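S.K.: requesting a structural model of the entry that follows:
(one chain, ligands or ions: 1)
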Amino acid sequence: MKLSDRVKQLSPSPTLQITATANALKQQGHNVVGLGAGEPDFNTPKHIIDAAKEAMDKGFTKYTASGGIKELKEAVIDKFANENGLTYSPKEVMVTVGGKEGLYTLFQVILNEGDEVIVPAPYWVSYMEQVKLAGGKPVIVNGLEENDLKITAEQLEAAITDKTKAIIINSPSNPTGMIYSEQELREIGKVAVKYELVIISDEIYEHLIYDGKSHVSIASLEEDFFNRTVIITGVSKTYAMTGWRIGYAAGPQAIIQAMTDLQSHSTSNPTSVAQYAAIAAITGTQEPVTMMRAAFKERRDYVLSRIEKIAGFRCITPPGAFYAFIHVADALGNHKTVDEWSTALLKDELVAVVPGSAFGADDYIRISYATSMDNLKEAFDRIEHFVQVST
Ligand code: PLP
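M.R.: Predicted coordinates for the structure are as follows:
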């Protein structure tokens, strides 16, 4: 059976693949510690689950409006107003099937064949594939280590051609955990305005920021930025709701309308009861978020303290998300590449990490610290041992 040319170039998500391999090993009875998955280990808070049960009992189990139910859109509009200082009308927001489907739909509606999208590296794995699936061409711009693995406005400007359509900003970043400062966002925004680019602002980790720092949305800085920014975010990471598949997008009406129309033909609508759960998440108590954020910070600090002690490892303190992006190329010992090293780590020590090649940064690994302290301790004992025996 011949597959389409479009999917032939598609690589499966390496992060999901590693999680699947780790799970398969677990099922065979191996004691694997997984640091691959990008999802909170906490359960969805009870009041959110109760809201979904109530919605089911009330019979909210039918198709909904394609762009989401009115009550959730209103909750999302209030959230943007209260937390980000952004004013949106109902026609400028929509509910998506997770941030991932929001991004997928966005690329489909803004890209023509050959249009270029600037993707700062290290990048989240799906941007590349999603841009290509929409006929676009990802143009990678490498964030330099001396700039905390972020790109500068000058780098952005140098990469722009007459085909450039959009730039992706992901702050806090997966995989690095870095955040762009207000000043950096202003400079990037100015370049985007000058070349009339769409700014795609992936803010899915907006609530997971530590050390007293806070999230700034590029859309909130200038009217000109607001008019060309599409924000993609959602409940997955903040509320431990990865499996519910609810995200939301906000931006210029014409784009949101086109995305809603496309979604009406792809998923019809995000799952009805999950939308009611998301209302409870956004409008209910934020205490569980405070608790989870505190736990993530404690784990991050522990992980950093262990990284510091491993010869050849280095890691810039990540102020956000729940990942540590560790430079390990100086600790490979008898392994030639980080890919090889990571495969051996899984085989020999049963620790799953994601090699940086998945994110366009070959010298690094990404670990997720969204797992218990016991797991982190065990994982780092094993990693330490692995580095000792392979050098
Ligand atoms: N954007 C980034 C940077 C992510 O890391 C993820 C999830 O891993 C997403 C978007 C999509 O999340 P979801 O589809 O669960 O909302």
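S.K.: ok, whatever residue of the stretch 51-200 of the chain ends up closest to the ligand to V235 distance?
M.R.: Closest approach between the stretch 51-200 of the chain and the ligand, counting by C-beta to the nearest ligand atom: G98, at 2.7 Å. Backbone N, C-alpha and C define where each C-beta goes, glycine included. If you measure G98 against V235 using C-beta to C-beta, to the nearest Å, the figure is 9 Å.
S.K.: what sits in contact with each of those two?
M.R.: With contacts taken as C-beta atoms under 8 Å, 6 or more residues apart in numbering, the residues that reach both G98 and V235 are I246, G247.
S.K.: more neighbours: the two, which one.
M.R.: In this comparison of G98 against V235, neighbours counted by other C-beta atoms under 10 Å, the higher total goes to V235 at 28 against 23.
S.K.: measure the more buried one to the ligand for me?
M.R.: Using C-beta to the nearest ligand atom, to the nearest Å, one obtains 7 Å as the distance from V235 to the ligand.
S.K.: if you count contacts, what does the helix or strand containing I48 end up packed against?
M.R.: Assigned by DSSP states H and E, I48 belongs to helix 46-57. Under the contact criterion of 3 or more C-beta pairs under 8 Å, 6 or more residues apart in numbering; DSSP states H and E, the helices and strands touching helix 46-57 comprise helix 272-283.
S.K.: contact partners of the helix it packs on?
M.R.: Counting by C-beta under 8 Å, 6+ apart, the neighbours of helix 272-283 from elsewhere in the structure are 44-45, 47-52, 54-56, 60-64, 68-69, 71-72, 75-76, 78-79, 95, 235, 238-239, 241, 244-246.
S.K.: mind checking which of these are buried?
M.R.: When neighbours are counted using 16 or more other C-beta atoms under 10 Å, the contacts of helix 272-283 contain these buried positions: 44-45, 48, 51-52, 55, 64, 68-69, 72, 75-76, 79, 95, 235, 238-239, 241, 244-246.
S.K.: in helices, which of those fall?
M.R.: Applying DSSP state H to the buried ones among the contacts of helix 272-283, the entries found in helices are I48, A51, A52, A55, L72, A75, V76, K79.
S.K.: turn these into JSON lines, including pLDDT and distance to the ligand.
M.R.: As requested, those are arranged in JSON lines below (pLDDT from 0 to 100; distance: C-beta to the nearest ligand atom, whole Å):
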{"residue": "I48", "pLDDT": "98", "distance to the ligand": "15"}
{"residue": "A51", "pLDDT": "98", "distance to the ligand": "18"}
{"residue": "A52", "pLDDT": "98", "distance to the ligand": "17"}
{"residue": "A55", "pLDDT": "98", "distance to the ligand": "20"}
{"residue": "L72", "pLDDT": "98", "distance to the ligand": "14"}
{"residue": "A75", "pLDDT": "98", "distance to the ligand": "16"}
{"residue": "V76", "pLDDT": "98", "distance to the ligand": "13"}
{"residue": "K79", "pLDDT": "98", "distance to the ligand": "15"}
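S.K.: what is the nearest of these to D115?
M.R.: Compare each of these with D115 using C-beta to C-beta and the shortest gap goes to V76, at 28.1 Å.
S.K.: element containing Q183?
M.R.: Since the elements are taken from DSSP H and E, Q183 ends up inside helix 182-194.
S.K.: could you dump the helix or strand containing S126 to CSV, C-alpha only?
M.R.: Per DSSP H and E, S126 falls inside helix 125-133. Output for helix 125-133, consisting of C-alpha atoms alone and laid out as CSV, is shown next (Å, rounded to 0.1, in the frame of the first residue of the first chain):
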residue,chain,number,x,y,z
VAL,A,125,9.6,18.2,18.4
SER,A,126,6.2,18.6,16.8
TYR,A,127,6.7,22.1,15.3
MET,A,128,9.0,20.7,12.6
GLU,A,129,6.6,18.0,11.5
GLN,A,130,3.5,20.1,11.7
VAL,A,131,5.0,22.9,9.6
LYS,A,132,6.0,20.3,7.0
LEU,A,133,2.6,18.7,7.0
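S.K.: A249 in helix, strand or coil?
M.R.: Following DSSP: H, G, I helix; E, B strand; the rest coil, we place A249 in the strand state.
S.K.: pretty sure it contacts I256?
M.R.: Yes - at 6.5 Å, A249 counts as touching I256 under the criterion of C-beta atoms under 8 Å.
S.K.: those two - which one has more neighbours?
M.R.: More neighbours surround A249 than the other of A249 and I256, with 29 against 23 (other C-beta under 10 Å).
S.K.: nearest residue to that one in space, please, no chain neighbours.
M.R.: In this structure, A249 finds its nearest non-sequential neighbour in G102, 4.5 Å apart by C-beta to C-beta, 6 or more residues apart in numbering.
S.K.: I'd assumed W341 was in a helix, is it?
M.R.: Yes - under three-state DSSP, W341 falls within a helix.
S.K.: which residues does it contact?
M.R.: Taking C-beta under 8 Å, 6+ apart as the test, what W341 contacts is V328, L332, G333, H335, P355, I365, S390.
S.K.: pLDDT value on the closest residue to the fourth one other than its chain neighbours, please?
M.R.: Going back to what we said before, that points to H335. Once flanking residues are discounted, H335 sits nearest to W341: 4.1 Å by C-beta to C-beta, 6+ apart. Predicted confidence (pLDDT) for W341: 95.
S.K.: I69 now?
M.R.: 98.
S.K.: ditto for G85
M.R.: We have a pLDDT of 97 for G85.
S.K.: my read is that it contacts S220, right?
M.R.: Yes - with contact defined as C-beta under 8 Å, G85 counts as touching S220 (4.9 Å).
S.K.: before we move on, the earlier item: overlap in contacts of A249 and I256?
M.R.: Contact with both A249 and I256 is made by residues V93, M94, V230, according to C-beta under 8 Å, 6+ apart.
S.K.: identify the bridge partners of the second one.
M.R.: Spelled out, that is M94. M94 forms beta bridges with A249, as assigned by DSSP bridges.
S.K.: buried sites along stretch 334-342?
M.R.: If you call a residue buried by 16+ other C-beta under 10 Å, then stretch 334-342 has these buried ones: H335, V338, D339, W341, S342.
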